[in-house]
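**Q** What shape does this take:
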Amino acid sequence: MGKNVLIVEDDIRMRNLLIRYFNKEGYNTFEAGTGKEALSKFHENKINIVILDLMIPAPNGFEVCKIIRQDSSVPIIILTARAEDDDKVMGFELGADDYITKPFTPRILMARTKALIKRFNNMGANNENFIKYKGIEVNTGSHKIKVNANEVNLSPIEYELLIYLIKNKNQVLSREQILNAVWGFNYNGDLRTVDTHIWRLREKLQGKGELINTVRGYGYMLDGRKWERI
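**A** Coordinates of the predicted model:
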């Protein structure tokens, strides 16, 4: 399992604290105090996960997240003092996989880091098993998604969300069910997390995103009447 973590934090004391936490758990750490430095370190090294503060010198954390997501599905955890719902939604809309507010518990941060890296690494499995439907193709072995023969770049969380919907196709799923199944029972985020990721998944599935139906006031359902495993 790759264990290269990029820590993006402008507060030197917090950055050093995070470095100690991750080094103690056996991670190789790369550090950056600005957005520009973060992007440079990310592209120069094989990074397995990014721990990203929002309030960093330009470009800020939101912009860094957006730029990384343009060509990479590497897991991103936003770790910040900004606890407003609008900031959380913005972070998820830009592609973050998790959002943790300060003060935080090191054990929780490590647990979420390990879970995201494991999901990301599992996306490289070789056994091929395909699910196809009207221009959408899911390779559950390599975790690659194609829409109309064009490969779509999903983050680990987005992939897990799609697979959960597929496994429970034609079933109305509450937001609570989805949150617990995809993020885990210990996740302390709110239900808007689900809405934001559904929105991003629909966007990435392009016109096929309409297969994910909204059940107003409750949750979502994947219209899977014509999905088939081959």
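
**Q** From here on, just use CA atoms for contacts and neighbour counts.
**A** Will do.

**Q** So what touches the longest helix along the chain?
**A** Longest helix of the chain, by residue count under DSSP state H: helix 106-122. Here helix 106-122 makes contact (Cα atoms under 8 Å, 6 or more residues apart in numbering) with 1-2, 21-22, 48-49, 74-75, 77, 97, 100, 143, 155-157.

**Q** Report the buried residues of it.
**A** Going by neighbour count (16 or more other Cα atoms under 10 Å), the buried part of helix 106-122 is L109, R112, T113, L116, I117, R119, F120.

**Q** The spatially closest residue to L18 that is not a sequence neighbour: what secondary structure?
**A** With sequence-adjacent residues excluded and distances taken as Cα to Cα, 6 or more residues apart in numbering, L18 is closest to I7, at 7.5 Å. At I7, secondary structure determined by DSSP: H, G, I helix; E, B strand; the rest coil is strand.

**Q** what sits against I7?
**A** Per Cα under 8 Å, 6+ apart, neighbours of I7: R15, L18, I19, T29, F30, E31, A32, V50, I51, L52.

**Q** go on, K36?
**A** So K36 contacts A58, P59 (Cα under 8 Å, 6+ apart).

**Q** i'd like the first residue to be 59 from this point on
**A** New numbering, starting at 59: the last item is K94.

**Q** Let's verify it: helix, strand, or coil?
**A** Here K94 is helix, with the state taken from three-state DSSP.

**Q** I134 versus that one, what's the distance?
**A** K94 sits 17 Å away from I134, going by Cα to Cα, to the nearest Å.
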